[in-house]
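[1] The amino acid sequence is not available; the structure is as follows:
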């Protein structure tokens, strides 16, 4: 009696929610019973794309390979061969690897994949080449649809940025699921305006802005503290000007989503660009000095362990409140 290991896989969250695994499991069990085989173990992959995720990064495939090397089973059974994968320049060789290690590879719907001659190898490659092509077509259709939705001013899904919230739109998609729409959050919108105003008019950096928000007990949507990258994402998001952006496509102006005037937004982008250039210059100085001090005028610059520390010291030097600072390793002087 042949010993069987089964592999079940669904690639999308929708399939996970519907739980397509039981259908694959039932079919494989019935197939094994008809053939007089014994299923010893079943592997499940939920929400794992066979098109985007390499076999080397899939635990189930690696566990199956390890078991095959130990001769723990005789047959690898799947509902369809594309459950093994959809990568045309990888999956055929994964199947061939199992066959070369003495494992029969069977599909409930397609039978056994053999490697007895060149025709078998060619058919093996063509099968996964076709599966890869179908995945590419599906991906292209989805991207095209999302771009068209954006151009039509429709929310394409995802998490609402700070300053907005999701509400039920009343529309039902083809799968019977109610679509969500995005609207301004009246409690958070004033905070977004404050972030832009303090950045543009008061010169607040992202670190200082995050500290300000945290000190006032303001939380992100995840109920977490603000970080500098959270502030930067807000400052760079065109949605606050009333434009949905997805896949490199921008919607027409949507007044109901407008929180920040474009003039303020553009000024914020200029400031961020200037800061980025200065940070790159500081990083270049640190790489060049390799830990040694740099003399310039009446101050000395020693590389610090955090960019936040450098920004803080620059502000204090400019304001005349500090000429040096003690770190745990050295005395740091700022140069002008």
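    Sure, I can see it. Treat the numbers as computed from the prediction; the structure is a model and nothing was measured. Numbers count the residues shown, from 1 in each chain.

[2] Now do the SS call for residue 169.
    Three-state call for residue 169 (DSSP: H, G, I helix; E, B strand; the rest coil): strand.

[3] OK, contacts around it?
    155, 178, 179, 180, 181 (C-beta atoms under 8 Å, 6 or more residues apart in numbering). For glycine as for every other residue, the C-beta is placed from the backbone atoms N, C-alpha and C.

[4] how about those residues in JSON lines, adding distance to residue 224, neighbour count and pLDDT?
    Below are the contacts of residue 169 laid out as JSON lines (distance: C-beta to C-beta, whole Å; neighbours: other C-beta atoms under 10 Å; pLDDT from 0 to 100):
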{"residue": "155", "distance to residue 224": "24", "neighbour count": "22", "pLDDT": "84"}
{"residue": "178", "distance to residue 224": "28", "neighbour count": "10", "pLDDT": "79"}
{"residue": "179", "distance to residue 224": "27", "neighbour count": "15", "pLDDT": "83"}
{"residue": "180", "distance to residue 224": "22", "neighbour count": "15", "pLDDT": "87"}
{"residue": "181", "distance to residue 224": "25", "neighbour count": "15", "pLDDT": "90"}
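
[5] pLDDT on the strand or helix carrying residue 30, on average?
    Per DSSP states H and E: residue 30 is located in helix 21-34. Mean pLDDT, helix 21-34: 92.

[6] likewise stretch 235-246?
    pLDDT averaged over stretch 235-246 gives 93.

[7] For the helix holding residue 30, which residues meet the burial criterion?
    21, 24, 25, 27, 28, 29, 31, 32 (16 or more other C-beta atoms under 10 Å).

[8] Going by distance to residue 253, which of the residues you listed wins?
    residue 21 (44.8 Å; C-beta to C-beta).

[9] got a list of what that closest one touches?
    Taking C-beta under 8 Å, 6+ apart, we find residue 21 in contact with 8, 10, 44, 46.

[10] The last one reaches residue 22, doesn't it?
    Which is residue 46. No: using C-beta atoms under 8 Å, residue 46 is not in contact with residue 22, being 11.8 Å away.

[11] Widest-spaced pair of the contacts of residue 169?
    155 and 178 (12.8 Å).

[12] what's the closest non-adjacent residue to residue 247?
    residue 147 (5.2 Å; C-beta to C-beta, 6 or more residues apart in numbering).

[13] same check, this time on residue 219
    Going by C-beta to C-beta, 6+ apart, residue 219 has residue 225 as its nearest residue, at 7.1 Å.

[14] State the distance from the one you found to residue 27.
    Using C-beta to C-beta, to the nearest Å, residue 225 is found at 49 Å from residue 27.

[15] Helices of the stretch 201-336 of the chain, residue ranges please.
    Ranges of helices within the stretch 201-336 of the chain are 206-215, 228-236, 262-289, 307-318, based on DSSP state H, counting those that start in this stretch.

[16] tell me the angle the next helix-or-strand element following the helix holding residue 30 makes with helix 21-34.
    Per DSSP H and E, helix 21-34 leads on to strand 38-46 as the next helix or strand towards the C-terminus. For strand 38-46 against helix 21-34, the angle by axes from the mean of the first three to the mean of the last three C-alpha atoms, to 10 degrees is 160 degrees.

[17] starting at the chain centroid, how far to strand 38-46?
    28 Å (C-alpha atoms, centre = their mean, to the nearest Å).

[18] again with stretch 84-96
    Using C-alpha atoms, centre = their mean, the offset of stretch 84-96 from its chain centre is 24 Å.

[19] start to end distance for it?
    Terminal residues of stretch 84-96 are spaced 12 Å apart (C-alpha to C-alpha, to the nearest Å).

[20] ok, residues contacting that stretch?
    7, 49-51, 54-55, 61, 78, 81, 105, 113, 115, 121, 124-125, 127-129, 131-135.

[21] Now, of those, which are buried?
    7, 49-51, 55, 61, 78, 81, 105, 113, 115, 124-125, 127-128, 131-132, 135.

[22] Go through the buried residues of helix 21-34 and say which is closest to residue 214.
    Distances from residue 214 to the buried residues of helix 21-34, taken by C-beta to C-beta, are shortest for residue 21, at 42.9 Å.

[23] Helix or strand: which one has the residue nearest to residue 247?
    Assigned by DSSP H and E, residue 147 falls in helix 118-151.

[24] Please work out the average pLDDT along that helix.
    Mean predicted lDDT for helix 118-151 stands at 71.

[25] Ramachandran coordinates for residue 77?
    phi -110, psi 130 (degrees, to the nearest 10).

[26] same question, residue 84
    Dihedral angles (degrees, to the nearest 10) for residue 84: phi -70, psi -30.
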